[in-house]
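[1] any chance you could fold what I've pasted below:
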Amino acid sequence: MVREGYGQDTMHTFLYIVWFSIPAFFFLASLWAKLEVISNKGKKENPTDLLRQGIFVLVCALVAVGIDRYVLSSIVTSLSPSWLPLGFYQTILLPLLLLLGAKITGGTKEIRIEKAPRPSLRKKK
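    You can find the predicted model right below:
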């Protein structure tokens, strides 16, 4: 016998795994970059930037879980057309929160694009 709401629980589990694996990736990348800095090998990524991005995504994921658990279903049932399922809104919740959070907090630093040397000016080996 299949219990009531089983598919919804599976959807929650899958979404939450995806939502929390994103900040976990940033934390692991930050740890990796810090180990590279300590060992003086490899590229010099800034571990602080990766850590800040991981914290930002983690906070957004926690807010998304809170909204999903306590608010989203009541909002969807009152405002949404019946042909859009709740799973659609659950799927786009985190990307919308990330976009909104990025607009509110702004970028981490100014992005500068430096000119690459023209091929004719590169040193020939």
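[2] for the spatially closest residue to V65 that is not a sequence neighbour, give me the pLDDT.
    Leaving aside its sequence neighbours, V65 sits nearest to Y16 (Cβ to Cβ, 6 or more residues apart in numbering; 6.5 Å). Any C-beta I mention is one placed from the backbone N, CA and C, and that applies to glycine too. As predicted, Y16 sits at a pLDDT of 92.
[3] you'd agree Y16 is up against L62?
    No. Counting by Cβ atoms under 8 Å, Y16 sits too far from L62 to count as a contact (10.5 Å).
[4] where does this structure have low pLDDT?
    1-8, 42-44, 107-112, 116-125 (pLDDT under 70).
[5] can you give me the helices in it?
    6-39, 47-70, 72-79, 86-105 (DSSP state H).
[6] would you format those as CSV with mean neighbour count included?
    Output for these, formatted as CSV (neighbours: other Cβ atoms under 10 Å):
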stretch, mean neighbour count
helix 6-39, 14
helix 47-70, 17
helix 72-79, 12
helix 86-105, 14
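[7] quick one: closest of those to K115.
    helix 47-70 (23.2 Å; Cβ to Cβ).
[8] would you mind measuring from S30 to C60?
    According to Cβ to Cβ, to the nearest Å, S30 stands 17 Å off from C60.
[9] so what's F26 up against?
    50-51, 53-54, 57 (Cβ atoms under 8 Å, 6 or more residues apart in numbering).
[10] also T77?
    T77 neighbours (Cβ under 8 Å, 6+ apart): none.
[11] before we move on, what about F56?
    101, 105.
[12] do the same with A33
    Taking Cβ under 8 Å, 6+ apart, one finds 45-47, 50 in contact with A33.
[13] do that again at 6 Å, thanks
    Applying Cβ atoms under 6 Å, 6 or more residues apart in numbering to A33 gives the contacts 45, 47, 50.
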